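Enquirer: sequence and computational prediction follow.
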Number of protein chains: 2
Amino acid sequence: MSKAKSGNISPSVIKRLPRYYRYLGELKKAGFIRISSRELSERMGLTASQIRQDLNCFGGFGQQGYGYNIQQLHQEIASILGLDKIKKAILIGAGNLGRAIANHMSFEARGFQLIGIFDKKESIVGQMVRGIPIRHIDNLDEFCRENLPVIAVLCIPSEEAASVVDQLIKLGIKGFWNFSHYDLSQYQNIAVENVHLGDSLMTLCYNVTHSLK
Amino acid sequence: MSKAKSGNISPSVIKRLPRYYRYLGELKKAGFIRISSRELSERMGLTASQIRQDLNCFGGFGQQGYGYNIQQLHQEIASILGLDKIKKAILIGAGNLGRAIANHMSFEARGFQLIGIFDKKESIVGQMVRGIPIRHIDNLDEFCRENLPVIAVLCIPSEEAASVVDQLIKLGIKGFWNFSHYDLSQYQNIAVENVHLGDSLMTLCYNVTHSLK
């Protein structure tokens, strides 16, 4: 039932799904079995009716006066997010940021398996990051044809991104986790998540500057 | 004139300011002197009228048929963002992510100066990151009283964040760049920018999973 419904979820609900998933995971880890929409709303800073409405979108499991089964809801959200179908990912750019992302992120817990790391810098080719050797970018074609990754994490300067992105799309990449400032909105039929750290820091600068006045 | 206006800018315009700043910086670097709202709109994927409206909010500098003075507009946006008033920042947590952020980010270009790095792990205390020694978290009080930072970058697990955040707020921290999953919305009168990398990756997972269907 819920799978059939998952195509109709509104973008604003989708945006909240990772947070629900995180909170429910914490509750599960802490040994809780059920939670009411009121308790969940207090934890998440949303209204109880908002939560009931959101969770109804994908079948929900709430029962009046009884709450949600945490384990069941957590698993259901994982399935809607697609976390249970592991997709192959590659990382382009093994500088400071690329290495940190590779080492720091729990890709597997978020639906991905990191299978390759690429850089153009000869001197770091062969180094291991998270048990994966850094390969030269010249081997990208061959590697992708053999291993069929669908996601690329872009940790390269924007001026280098244009040609690599064209190449990656031809090689079958369907989604980009984009840490570069290269604008991917010009491409059709790909999924993009931008992480613009510099923009985030400037927004903080604005908010602090104006709150300090 | 524009300074007086900057208090009235709507949140949606503020959100676009870092992007304007970035694009104008690229144009400036490439040697351009003026740009029309039409050219800027094509580059940024916004409508020309949207851009004229946005830039009018802070005085603008556009002249009919003549365009915007890039250098002037770039500087004006820097001033509105507060990038010209450098604020002191400290980093809490010098693991993979913390180090990468310290090494990778151009703090100075975004209005901040990173002056201190703290961790609770004895074995890394004294190591240098970006020319800054890692200090033990026990020295946080003394350091903050002497150096008066106003921003903290949180690169620690959420279970460690609660007590440190209370301490930091007492020590005068006014803004948090939050990479942890600790929920800072419960605190009043502080500026917060969350970077939830895991949520971003799960959103990408959802979008790719559903576009692959």
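Expert: Looks like it arrived, so ask away.
Enquirer: scan chain A for its longest strand.
Expert: With residue count as the measure and DSSP state E as the assignment, chain A has strand A:112-119 as its longest strand.
Enquirer: helices or strands up against it?
Expert: Counting contacts by 3 or more Cβ pairs under 8 Å, 6 or more residues apart in numbering or on different chains; DSSP states H and E, strand A:112-119 packs against strand A:87-92, helix A:96-104, strand A:132-136, helix A:140-147. Any C-beta I mention is one placed from the backbone N, CA and C, and that applies to glycine too.
Enquirer: and the first one, what's buried?
Expert: The one in question is strand A:87-92. Neighbour counts over strand A:87-92 (16 or more other Cβ atoms under 10 Å in any protein chain shown) mark A:87, A:89-92 as buried.
Enquirer: same question for the last one.
Expert: For helix A:140-147, a neighbour-count test (16+ other Cβ under 10 Å) marks A:140, A:143-144 as buried.
Enquirer: what's the closest of the residues you listed to A:Tyr21?
Expert: For these, the minimum distance to A:Tyr21 (Cβ to Cβ) is 29.6 Å, reached by A:Cys144.
Enquirer: count of residues packed around the residue lying closest to A:Gly45 once chain neighbours are set aside?
Expert: Leaving aside its chain neighbours, A:Gly45 sits nearest to B:Ser185 (5.4 Å; criterion: Cβ to Cβ, 6 or more residues apart in numbering or on different chains). Applying other Cβ atoms under 10 Å in any protein chain shown, we find 10 residues neighbouring B:Ser185.
Enquirer: my guess is B:Ser185 contacts A:Arg43, does it?
Expert: No: with contact defined as Cβ atoms under 8 Å, B:Ser185 and A:Arg43 do not form a contacting pair (11.2 Å).
Enquirer: hey, which helix is longest across chain A?
Expert: Ranked by residue count under DSSP state H, the longest helix found in chain A is helix A:11-29.
Enquirer: could you give me the buried positions within that one?
Expert: For helix A:11-29, burial by neighbour count (16+ other Cβ under 10 Å) applies to A:13-14, A:17-24, A:26-28.
Enquirer: that helix vs chain B: in contact?
Expert: Yes: interface with chain B: helix A:11-29 contributes A:14-15, A:17-19, A:21-22 (Cβ under 8 Å from any Cβ of the partner chain).
Enquirer: looking at those, which is nearest chain B?
Expert: A:Pro18 (3.8 Å; Cβ to the nearest Cβ).
Enquirer: so who does that closest one touch?
Expert: A:81, B:196, B:198-199, B:202-203 (Cβ atoms under 8 Å, 6 or more residues apart in numbering or on different chains).
Enquirer: cutoff 6 Å now
Expert: A:Pro18 is in contact with B:199, B:202, counting by Cβ atoms under 6 Å, 6 or more residues apart in numbering or on different chains.
Enquirer: what about the closest residue to A:Ala162 other than its chain neighbours, distance to B:Val192?
Expert: In space, and not counting its chain neighbours, A:Ala162 is closest to A:Tyr182: 6.5 Å by Cβ to Cβ, 6+ apart. Counting by Cβ to Cβ, to the nearest Å, the gap from A:Tyr182 to B:Val192 is 27 Å.
Enquirer: these two: who's more crowded?
Expert: A:Tyr182 (19 against 16).
Enquirer: who are the packing partners of the helix or strand hosting A:Ile80?
Expert: Taking DSSP states H and E as the definition, one finds A:Ile80 inside helix A:70-81. Here helix A:70-81 touches helix A:11-29, helix B:197-212, going by 3 or more Cβ pairs under 6 Å, 6 or more residues apart in numbering or on different chains; DSSP states H and E.
Enquirer: is the shortest one in proximity to chain A?
Expert: Put plainly, it is helix B:197-212. Yes: under the criterion of Cβ under 6 Å from any Cβ of the partner chain, chain A is reached by helix B:197-212 at B:199-209, B:211.
Enquirer: list the buried ones in that helix?
Expert: So, applying 16+ other Cβ under 10 Å, buried residues of helix B:197-212: B:197-210.
Enquirer: good, we can wrap up now.
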